[in-house]
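>>> below is the structure, and that's it, no one-letter string:
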């Protein structure tokens, strides 16, 4: 491979300059804000990890993303080039000029505070409520609570608040959790919090929550219903266009009501009518009994007997065989999803992924599926005809691995009921990075739930249920859907999709992907090096792209024009001006629409660069009812009067939009994510995450055809906006 050209300084020099700038900023903040300095060294405390080699920027980013990290320090005599890093579960008065304190107000600790001055014990609080309660009491430094309860699924069983923390008992089984304040004004002087009682634990740092799947008792249906307070419910009488713009484009789960109003299934899908409907000898994909969740081909006569005798069973079979096809006359795709399946033309020609992805679901209490993401980059709808289903929906960015049972403390091959009784029951009581939480949903007869691709979810049958579900490829998820078709190993799939399904704009978009030209690049994905050079075996020169918008070397000052994340926790970036920088390094922003934001962290601020032609953005559209909708679009023209022409993903062109009608947004960093990656120290280049490996490394496919396996996190950077 020819050496790549790197503009400006070398990667190492650039990283060093960035780290120096960061440490200078940190030093300024800590000198201004320090209350007192403890006699003991931050490096000697049990709350500090052993030294390790790590890139400073990566370590800071990881710490701010981790619920259990309170701060990062360079070695006392270290420099940014030395890369010797210490991680802390507590900082408080031990802060040094070489310490980065996390912006999180509290740090999580697995275990129970067993001694300290108690302020009060409260009930009926969510975890967010508990943090606010502690923050609102000036002398509160920590709180502790038992985790599991079968009542009040959104609430902590009881919470004890402390003004001092003297003793702490780690919990191997994760049955108690505690949070300690990161506010040095509360935790100083040394002794208010006994830092050595909060030992650093590598296992907790790597996996804060232990999924010990041993319990089988679950909440009542009434308790699940009481916890169902988050998911929006709407009428199924919504147009395809509005549903696409309002829910599929923003990847937002929702519950539709009344989709089955005219379905024969409402009267025909009872156990009494289903039992004699099929040949007893016909085979169905199902589980029988409650001791294993392995699927087998089981005769319908055996399953019908289980229905009649109230024995545990679960049918989860595709409507592909002749007996299953009898059910297709009893339902139709819900109106909001009709015509929206990019896989339909393939299915009509009997070309499938692993079947038509239409599923018939029948089961008794206790059956279901543990946490997972649906296959083939597909969105899904599930219509419930009989019974009740308990769903758990996890926030965007959570992976299914984050929710798995932990083998060391779980029964072998845990059942769905054990997962729900041990992990699922605590889902809404568990904090994920950036103060995000899962939520509970009780699906009732006549309701259809929509779950977009990439969202981790689980489902548990609370009684005897009958349902139908379908997976489909959404145009709102075009990049991932196209990748599935292109890399399937069956050229018929991508040729049918490109020539018969995609519109002009969608074809233009997939041509801009790394798979073009398709005849050479649409091949089955394999691990390891796919090919040398580009598809034709040559190294083509790379186009010049803008540098990524956010970079730690950018030092925002009062008056600077920037882009900021509203409230610091949304996946959209808005243009504004820095109006104030507080003594603790937080930023106040005035946006172009005159709204204001206060107390934003540095990670929520980035340099403003005007949009360019070809950039993929979100554009504000006005729906039929006057509601604002942000939809995926491409910039076509930047006009001299300051307005912008855009083309929506469905091909329609909107002219002369004010710049306030467009916004940038960030892509998730996971398989298929666009990134900048390092190639043999020659520089940072455009690439795609091809695989997320179990050891924490990544396989990276560069845009010019080169492939790197096992890349470490410090050799990959987030891309903060996507350009064509």
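Here it is on my side, so go on. For clarity, every value in this text was computed on a predicted model and none was experimentally measured.

>>> C-alpha only now, for contacts and for neighbours.
Fine.

>>> least confident secondary structure element in this protein?
helix 11-33 (a mean of 42; mean pLDDT, DSSP states H and E).

>>> right, and the helix or strand after it?
Later in the chain than helix 11-33, the nearest helix or strand by DSSP states H and E is strand 52-53.

>>> contacts for that next one?
Under the criterion C-alpha atoms under 8 Å, 6 or more residues apart in numbering, residues 83-86 lie in contact with strand 52-53.

>>> list the buried residues of the helix or strand following that strand.
Counting by DSSP H and E, the element after strand 52-53 in chain order, helix or strand, is helix 56-65. Residues of helix 56-65 classed as buried: 56-57, 59-60, 63-65 (neighbour count, 16 or more other C-alpha atoms under 10 Å).

>>> mind giving me the packing neighbours of helix 56-65?
If you count contacts as 3 or more C-alpha pairs under 8 Å, 6 or more residues apart in numbering; DSSP states H and E, helix 56-65 packs onto strand 71-74, strand 84-88.

>>> can I get these in CSV with mean pLDDT?
Below are these laid out as CSV (pLDDT from 0 to 100):
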stretch, mean pLDDT
strand 71-74, 93
strand 84-88, 92
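
>>> which of the ones you listed sits most buried?
Most buried of these by mean neighbour count (mean count of other C-alpha atoms under 10 Å) is strand 71-74; its value is a mean of 26.

>>> each with direction, which strands does that strand pair with?
Paired strands of strand 71-74, with direction, are strand 84-88 (antiparallel), strand 99-101 (antiparallel) (DSSP bridges).

>>> residues in contact with it: which ones?
The contact list for strand 71-74 (C-alpha under 8 Å, 6+ apart) reads 56, 59-60, 63, 80, 83-91, 96, 98-102.

>>> switch to 7 Å and redo it
Outside strand 71-74, the residues that touch it by C-alpha atoms under 7 Å, 6 or more residues apart in numbering are 60, 63, 84-88, 91, 98-102.

>>> for stretch 488-498, same thing?
Residues outside stretch 488-498 that contact it (C-alpha under 7 Å, 6+ apart): 342, 346, 485-486, 507, 523-524.

>>> which of those residues count as buried?
Buried by 16+ other C-alpha under 10 Å: 342, 346, 485-486, 523, out of the contacts of stretch 488-498.

>>> please name the residues that touch residue 153.
Residue 153 makes contacts with 227, 425, 428, as judged by C-alpha under 7 Å, 6+ apart.

>>> okay, it and residue 229: tell me how far apart.
Going from residue 153 to residue 229 by C-alpha to C-alpha, to the nearest Å gives 11 Å.

>>> same question for residue 308.
Distance from residue 308 to residue 229, by C-alpha to C-alpha: 35 Å.

>>> residue closest to the middle of the protein?
Central residue of the chain (C-alpha atoms, centre = their mean): residue 397, 1.2 Å from the mean position.

>>> and that one, that one's in a strand?
No - Residue 397: not assigned to a strand; according to DSSP: H, G, I helix; E, B strand; the rest coil it is coil.

>>> for it, give its distance to residue 434.
For residue 397, the distance to residue 434 equals 10 Å [C-alpha to C-alpha].

>>> cool, residue 277 as well?
Distance, residue 277 to residue 434, by C-alpha to C-alpha: 51 Å.

>>> quick one on the thing from earlier: what do residue 153 and residue 229 both touch?
Shared contacts of residue 153 and residue 229, defined by C-alpha under 7 Å, 6+ apart, are not found at any residue.

>>> can you list the strands that whatever helix or strand residue 256 lives in pairs with?
Residue 256 is part of strand 254-257, with elements assigned from DSSP H and E. According to DSSP bridges, strand 254-257 forms sheet pairs with strand 233-235 (parallel), strand 447-451 (antiparallel).

>>> which SSE is immediately downstream of the shortest one?
Right, the one you point to is strand 233-235. Counting by DSSP H and E, the next helix or strand C-terminal to strand 233-235 is helix 240-243.

>>> what's next to that next one, contact-wise?
Against helix 240-243 from outside (C-alpha under 7 Å, 6+ apart): 335-338.

>>> mind checking which of those residues are buried?
Those of the contacts of helix 240-243 that meet the buried threshold are 335-337, by 16+ other C-alpha under 10 Å.

>>> can you list which of these are found in strands?
Using DSSP state E, no member of the buried ones among the contacts of helix 240-243 falls within strands.

>>> as TSV, those residues with pLDDT would be great.
Formatted as TSV, these follow (pLDDT from 0 to 100):
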residue	pLDDT
335	96
336	97
337	96
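
>>> for burial, what's the neighbour tally of residue 221?
When neighbours are counted by other C-alpha atoms under 10 Å, residue 221 registers 14.

>>> and it, how close does it get to residue 555?
Separation of residue 221 from residue 555 (C-alpha to C-alpha) stands at 53 Å.

>>> do residue 627 as well
Taking C-alpha to C-alpha, one finds residue 627 at 37 Å from residue 555.

>>> between these two, tell me which one has more neighbours.
residue 555 (15 against 10).

>>> you'd agree residue 596 is up against residue 587?
No - Residue 596 is beyond contact range of residue 587, at 10.8 Å (criterion: C-alpha atoms under 7 Å).

>>> show me which of these two is the more surrounded one.
More neighbours surround residue 587 than the other of residue 596 and residue 587, with 23 against 15 (other C-alpha under 10 Å).

>>> next up, phi/psi of that one, please.
The phi/psi pair for residue 587 (degrees, to the nearest 10) reads phi -120, psi 140.

>>> isn't it right up against residue 598?
Yes - with contact defined as C-alpha under 7 Å, residue 587 counts as touching residue 598 (6.3 Å).

>>> re earlier: could you dump the contacts of strand 52-53 to JSON lines with distance to residue 490?
Output for the contacts of strand 52-53, formatted as JSON lines (distance: C-alpha to C-alpha, whole Å):
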{"residue": "83", "distance to residue 490": "47"}
{"residue": "84", "distance to residue 490": "49"}
{"residue": "85", "distance to residue 490": "48"}
{"residue": "86", "distance to residue 490": "49"}
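
>>> returning to what we had before: and of the strands paired with strand 254-257, who's closest to residue 140?
Closest to residue 140 of those is strand 233-235 (C-alpha to C-alpha; 38.6 Å).

>>> give me the mean pLDDT for the closest one.
Averaged across strand 233-235, the pLDDT comes to 97.

>>> what ranges do the strands span in the stretch 201-350 of the chain?
For the stretch 201-350 of the chain, applying DSSP state E, counting those that start in this stretch gives strands covering 233-235, 254-257, 283-288, 296-299, 313-318.
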